[in-house]
Each structure stands twice: as structure tokens, then as C-alpha cells.
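> sequence first, predicted coordinates after that:
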Amino acid sequence: MTDLTSAFITHLRHKLENLASSSILKGQGDLTCINANF
């Protein structure tokens, strides 16, 4: 693997981790809203 390829894969992995963590946080926020409504 070239440096460029590994850098690109690392970049993609960080993007995926950011997406995953933000969607988890959003999901928790949605759950909190749902619980507050009941």
C-alpha cells in the first residue's frame, strides 16, 4: 500500500467514526426527547 492509499483509508475511517458517533449522539438525543414527552 502506498502512503496515499493508507492516508485515504485513514481519512475514510475517521469520517465513518465521526458519522457513527454523531448519529449515536443524535439517537440518544431523540430517545431523551421521546422520554421527556411521556
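Structure's in. What do you need?
> look at Cys33 and say how many residues are nearby.
Residue crowding around Cys33 was assessed by other CB atoms under 10 Å; the count is 9. Quick note: C-beta positions are derived from backbone N, CA and C, even for glycine.
> for this protein, what spans make up the helices?
3-37 (DSSP state H).
> can you list the weak-confidence ranges in it?
Within the chain, the segments meeting pLDDT under 70 span 1, 38.
> can you get me a residue count around Leu16?
Residues near Leu16, counting by other CB under 10 Å, number 10.
> now it: how far from Ser22?
According to CB to CB, to the nearest Å, Leu16 and Ser22 sit 11 Å apart.
> repeat for Thr5
To Ser22, Thr5 is 26 Å away according to CB to CB.
> swap in His11?
17 Å.
> and if you look at Ala36?
21 Å.
> okay, the two: which has more neighbours?
Using other CB under 10 Å as the criterion, Ala36 and Ser22 rank with Ser22 on top: 10 against 7.
> any idea how far the more buried one lies from Ala7?
For Ser22, the distance to Ala7 - CB to CB - is 23 Å.
> can you check Gly27 too?
Counting by CB to CB, the gap from Gly27 to Ala7 is 30 Å.
> tell me, how many residues neighbour Leu12?
10.
> for the one 5 residues further on, same thing?
Residues lying near Glu17 (other CB under 10 Å) number 10.
> same question for Arg13.
Number of residues near Arg13 (other CB under 10 Å) recorded here: 10.
> so how far is Leu4 from it?
Counting by CB to CB, the separation of Arg13 from Leu4 is 15 Å.
> same check on Cys33?
Per CB to CB, Cys33 is found 43 Å from Leu4.
> equivalent analysis for Gly27, please.
35 Å.
> repeat that for Asp30.
39 Å.
> same check on Lys15?
Lys15 is 16 Å from Leu4, by CB to CB.
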